[in-house]
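Undergrad: Sequence first, then the predicted structure:
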Amino acid sequence: LARGIREPALAGRHVVISAGGTREPLDPVRFLGNRSSGKQGYALARTAAARGARVTLVSANPQLPDPAGVDVVPVGTAKELREAVVKAATDADAVVMAAAVADFRPASYATGKIKKKDGQEPEPVALVRNPDILAEIAAARPRPGQLVVGFAAETDDVLVNGRAKLARKGCDLLVVNEVGEAKTFGAEENEAVVLGADGSETPVPNGPKEALADTVWDLVAARLVS
Ligand code: CTP
Ligand code: CA
């Protein structure tokens, strides 16, 4: 079957996807960020739209054009991403957290640009934790029967860490990627295994991010009731 017309479709469903990487500001010109390109989240948005879903894409700082027919909500920080995802999730059938959310943000924000001081070393940057959006959504389930999907990037003991993370987050599916120096970030292709809270384990061979996205939607659609 051609992409976009495979069954089961997502017609009449509302799906919320987060994509990209958050930026946590230090001052008006600087931020702490990460290397997420947003490509996997955008592939999820395109493939869900192709299956007939209404798609809300909460997008953190990607350098990518808006996908056609998708409602894009631009955000910057983890806090903004949380607000947008929580709001959109109210009536969502599925929430997929593909964004790389910063675990920490600077403890304080300087309203003016931080300047060097003659003969002085800089102050260390104090960090505080950001909220865990995936765990919060999975615990809240604002809509009954809502499916919650997380992504995890692991460098070691991928399956063991993935299972532990799935349980900790309380989500239904966790897409586990093995990452390393040259792997995944910004790449066009992705190799992963999708772990289910029901014990399922679906390997996805190295291939385009659309193929991984299609596998995610197959697994989601099969688990959506009525
Ligand atoms: N996530 C989130 N909120 C955060 C951090 C992560 O919603 N503050 C989501 C990500 O979008 C992803 C999943 O949680 O779907 C797993 O992210 P990951 O960084 O692998 O998990 P962490 O719990 O942050 O664990 P680690 O200490 O390994 O980074
Ligand atoms: Ca993290």
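TA: Looks like it came in fine. Just so it is clear, the structure is predicted and the values come from calculations on it, not from any experiment. Ligands and ions are numbered 1, 2, ... in the order given.
Undergrad: For the rest of this, base every contact and every neighbour count on C-alpha atoms.
TA: Fine.
Undergrad: so how far is stretch 123-140 off the chain centroid?
TA: Relative to its parent chain, stretch 123-140 has a centroid offset of 14 Å by Cα atoms, centre = their mean, to the nearest Å.
Undergrad: now swap in stretch 41-50 and tell me
TA: Here stretch 41-50 is found 13 Å from its chain centre; the criterion is Cα atoms, centre = their mean.
Undergrad: now stretch 58-67
TA: Taking mean C-alpha positions (Cα atoms, centre = their mean), stretch 58-67 and its chain are 12 Å apart.
Undergrad: Buried residues of that stretch, list them for me.
TA: By neighbour count with 16 or more other Cα atoms under 10 Å, stretch 58-67 contains the buried residues 58-62, 66.
Undergrad: Touching that stretch from outside, list them.
TA: The contact list for stretch 58-67 (Cα atoms under 8 Å, 6 or more residues apart in numbering) reads 16-23, 37-39, 42, 45-46, 72-77, 81, 84-85, 99.
Undergrad: ok, it near ligand 1 or not?
TA: No. Against ligand 1, stretch 58-67 shows no contacts by Cα under 6 Å from any ligand atom, the least distance being 11.1 Å.
Undergrad: Select the helix or strand of this protein having the lowest average pLDDT value.
TA: strand 189-196 (a mean of 91; mean pLDDT, DSSP states H and E).
Undergrad: do that strand and ligand 1 meet?
TA: No. Applying Cα under 6 Å from any ligand atom, one finds strand 189-196 separated from ligand 1 by no less than 12.2 Å.
Undergrad: Which helix or strand lies directly C-terminal to that strand?
TA: As assigned by DSSP states H and E, the chain's next helix or strand after strand 189-196 is strand 201-208.
Undergrad: And the residue nearest to residue 122 when sequence neighbours are not counted, how far from residue 123?
TA: In this structure, residue 122 finds its nearest non-sequential neighbour in residue 116, 7.3 Å apart by Cα to Cα, 6 or more residues apart in numbering. Look at residue 116 and residue 123: by Cα to Cα, to the nearest Å, they are 10 Å apart.
Undergrad: which SS state does residue 56 fall under?
TA: Under DSSP: H, G, I helix; E, B strand; the rest coil, the three-state class of residue 56 is strand.
Undergrad: Thought residue 74 was touching it, still the case?
TA: No. Counting by Cα atoms under 8 Å, residue 56 does not reach residue 74; the two are 10.5 Å apart.
Undergrad: who has more neighbours, the two?
TA: residue 56 (24 against 16; other Cα atoms under 10 Å).
Undergrad: Could you report the distance from residue 29 to ligand 1?
TA: Going from residue 29 to ligand 1 by Cα to the nearest ligand atom, to the nearest Å gives 23 Å.
Undergrad: mind listing what that residue touches?
TA: residue 113.
Undergrad: Repeat that for residue 138.
TA: Residue 138 touches 148, 169-171, counting by Cα under 8 Å, 6+ apart.
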